[in-house]
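Colleague: what follows is a predicted protein model with its sequence.
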Amino acid sequence: MRDGDAHGAEEPASEQQSSDGVTIPEPQDRAKAIPEAAVARLAVYLRVLSGFAEQEVHTVSSEELAVAAGVNSAKLRKDLSYIGSYGTRGVGYEVAVLIGQIERTLGLTQQHSVAVIGIGNLGHALANYGGFPSRGFPVAALFDLDPDLMGVPVGGIPVDHVDDIPRVCAERDVTIGAIATPAKGAQDVCDRLVQAGVRCVLNFAPVVLQVPEEVEVRKVDLAVEMQILSFHVARRSQETSESTASGAEADGAAQSKTRDVNAGVNPVDGMVVRP
Ligand SMILES: NC(=O)c1ccc[n+]([C@@H]2O[C@H](COP(=O)([O-])OP(=O)(O)OC[C@H]3O[C@@H](n4cnc5c(N)ncnc54)[C@H](O)[C@@H]3O)[C@@H](O)[C@H]2O)c1
């Protein structure tokens, strides 16, 4: 079983050093060596690059892309080296080419239809969110067990009963199931999805799901994200009070302007934490 809640280890299987000091995995190790945290950042780069493409920006330097994505440029270059993209010295990266490489790596060259299960507050929000189809994840099916919801369209899609998960998922070629039920029903819903052949599960319910080895689960927990934010706020206020205590107020403003970008990097996934 793989529950993708944890952020993966950063080190690939084998590495070499590029001329500019970036550690690069051997080509044969690239696909299997991409750490979980780097995969998450590739998705961020893709979103940023899509914005550049919409503005008809054709090339981008690693520094520009790093700033826009909120990472430091060494980490960005290392992440892109995992997919065999090193850019051209003095020019940077071709936006369209890099988008294609990241999409292939993330398996986004085909659409993934999504089923949402549990059409309450969160399920309604997911079903109505317009951002999924444009990123290649159309919501194609909705399930609940509340009789009052049966057949009611949400975001243009009628709600079906969970008993119909196998038929509807097969008919609509669903590959991702997003579970937005209370914790109590989540494992049963997950089992139904797995029996219907769904191999990717996005779990919003506060419970650890048991799934077969071939099924990939990602757990989304906004409370955990808020705890991470809280950690950074607490650390910052501790740093400020230490700095005040040591009489360093006079050069505090200058320090915050020149502070190395690494000082703001989230230790969990390498993203720069915005104040
Ligand atoms: N991960 C996060 O960051 C996050 C944020 C908010 C809510 N949640 C979680 O999302 C879930 C839904 O929250 P909500 O506020 O939308 O709840 P809600 O009570 O508004 O909706 C739950 C829906 O699930 C349906 N349901 C219950 N048991 C079911 C089953 N076995 N099969 C199918 N449908 C079933 C109910 O009929 C209802 O429509 C909860 O588990 C909550 O803890 C997670």
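Modeller: That came through, no problem.

Colleague: alpha carbons only for contacts and neighbour counts from here, please
Modeller: OK.

Colleague: using CSV, list the CA coordinates for the longest helix belonging to the chain.
Modeller: Assignment by DSSP state H gives helix 222-245 as the longest helix of the chain. What follows is helix 222-245, C-alpha atoms only, in CSV (Å, rounded to 0.1, in the frame of the first residue of the first chain):
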residue,chain,number,x,y,z
LEU,A,222,-5.8,21.3,5.3
ALA,A,223,-5.3,21.2,9.0
VAL,A,224,-1.8,19.7,8.5
GLU,A,225,-1.0,22.6,6.1
MET,A,226,-2.2,25.1,8.7
GLN,A,227,-0.1,23.4,11.4
ILE,A,228,3.0,23.8,9.1
LEU,A,229,2.1,27.5,8.6
SER,A,230,1.7,27.8,12.4
PHE,A,231,5.2,26.3,12.8
HIS,A,232,6.7,28.9,10.5
VAL,A,233,4.9,31.8,12.1
ALA,A,234,6.1,30.6,15.6
ARG,A,235,9.7,30.1,14.3
ARG,A,236,9.7,33.6,12.8
SER,A,237,8.4,35.3,16.0
GLN,A,238,11.0,33.3,18.0
GLU,A,239,13.8,34.5,15.6
THR,A,240,12.5,38.1,16.0
SER,A,241,12.5,38.0,19.8
GLU,A,242,16.0,36.5,19.8
SER,A,243,17.2,39.1,17.4
THR,A,244,15.7,41.9,19.6
ALA,A,245,17.2,40.4,22.7
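
Colleague: helices or strands up against it?
Modeller: The contact analysis (3 or more CA pairs under 8 Å, 6 or more residues apart in numbering; DSSP states H and E) places helix 222-245 against no helix or strand.

Colleague: what's the offset of that helix from the middle of its chain?
Modeller: Centroid separation for helix 222-245 versus its chain: 23 Å, with CA atoms, centre = their mean, to the nearest Å.

Colleague: average pLDDT for it?
Modeller: Here helix 222-245 scores 87 as its mean pLDDT.

Colleague: what are the buried residues along it?
Modeller: The neighbour-count check on helix 222-245 (16 or more other CA atoms under 10 Å) flags 228, 229, 232 as buried.

Colleague: quick one: is it near the ligand?
Modeller: Yes. Residues of helix 222-245 contacting the ligand under CA under 6 Å from any ligand atom: residue 222.

Colleague: residue ranges for the strands of the stretch 151-275 of the chain, please.
Modeller: Using DSSP state E, counting those that start in this stretch, the strands found in the stretch 151-275 of the chain span residues 153-154, 157-161, 174-179, 200-203, 216-219.

Colleague: for those strands, which one ends up most surrounded?
Modeller: Counting by mean count of other CA atoms under 10 Å, strand 174-179 has the highest mean neighbour count of the strands of the stretch 151-275 of the chain, with a mean of 25.
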